[in-house]
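Asker: Attaching a predicted model along with its sequence, questions to come.
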Amino acid sequence: MGDMSEGGTTKKFLYLNRKASYGTVYALESLEVVLIAAAFEQDVSLAFIDDGVYQIIKGQDTKGIGMKNFSPTFNALGDYDINKLYVEKESLDERGLTEDDLMPLVYEDEDDDWAEKPSIKIVNRAEMADLMQDQDVILSF
Amino acid sequence: MSILHTVNKSAYERNALDSCLGHTKPGDSVLLIEDGVISARAGSVAGDKLAAALGETGVSIYALGADMAARGIPEDKLVDGVKVVDYAGFVDLAAENDAVEAWL
């Protein structure tokens, strides 16, 4: 699988995020690896399921816990051509959350006169399962 | 004898909150910290369980405000009856109870 393109092979990478930020280091580690991988021009998707949906919730304020709030970094992903962020609806529902509770993450579409478009796509569990089937590499955090 | 129970795991991740609530006595306090505060959001699966426990078990339930803020959970989105405390309030709870039991 994977397409040969100039300079190497492009594969479909899925970063699977299942944990909230700050309580464990998984969320931060995932974001760091995503940013590193962005330099290799792969076809990258991010999935947020279970408590992972809390990584991109609006209004995070970490002053009180003495940790760095890294959620603004998600805004930069669009500049690295990472604009496929899939959020599972069932995970939001279970947690009393809606799409409005998430950060309004966007990217500029170079194929559409740099129009600003949403990076977040809400999908149901079955669609998320299909997305997983469609990957070459799945990295779990 | 009263116990302050601390729960630092999300109810969606581990069974710590369930097990804790099953081992409390009336007069005990449960303090949600770190990822534990995720369970206190109103209108959620875990929040509904917590609301039921508040009515049935005679325990007081608290959430640490700094951990709520870090996870984008505003006070007005908490389950009714869950009280917000700061770190000083955490210390007060520890001092008021006879023991602290951490549900890791």
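Answerer: Arrived safely. Numbering: from 1, shown residues only, chains lettered A, B, ... in the order given.
Asker: so which strand or helix has whichever residue of chain B sits closest to chain A?
Answerer: In chain B, the residue that lies nearest chain A is B:A66 (2.8 Å; Cβ to the nearest Cβ). All C-beta atoms are positioned from the backbone trio N, CA, C, and that covers glycine. Using DSSP states H and E, B:A66 sits in helix B:65-70.
Asker: Now that helix: average pLDDT?
Answerer: Taken as a whole, helix B:65-70 has a mean pLDDT of 98.
Asker: What about contact with chain A: does the next helix or strand along the chain from that helix have any residue there?
Answerer: Downstream of helix B:65-70, the first helix or strand assigned by DSSP H and E is strand B:83-85. No. Strand B:83-85 stays clear of chain A (Cβ under 8 Å from any Cβ of the partner chain), getting no nearer than 11.4 Å.
Asker: which secondary structure elements does strand B:83-85 contact?
Answerer: Strand B:83-85 is packed against strand B:60-64, helix B:65-70, with contacts defined by 3 or more Cβ pairs under 8 Å, 6 or more residues apart in numbering or on different chains; DSSP states H and E.
Asker: wait, which of those is closest to A:D51?
Answerer: Shortest distance between A:D51 and the helices and strands packed on strand B:83-85, using Cβ to Cβ, is found for helix B:65-70: 13.4 Å.
Asker: Where in the chain is the helix or strand with the lowest mean pLDDT?
Answerer: Answering for chain A, as no chain was given. Lowest on mean pLDDT, DSSP states H and E among the helices and strands of chain A sits strand A:3-5, with a mean of 57.
Asker: that's the wrong chain, I meant chain B
Answerer: Per mean pLDDT, DSSP H and E, bottom of the list for chain B is helix B:45-56, a mean of 94.
Asker: Sweet, I'm off.
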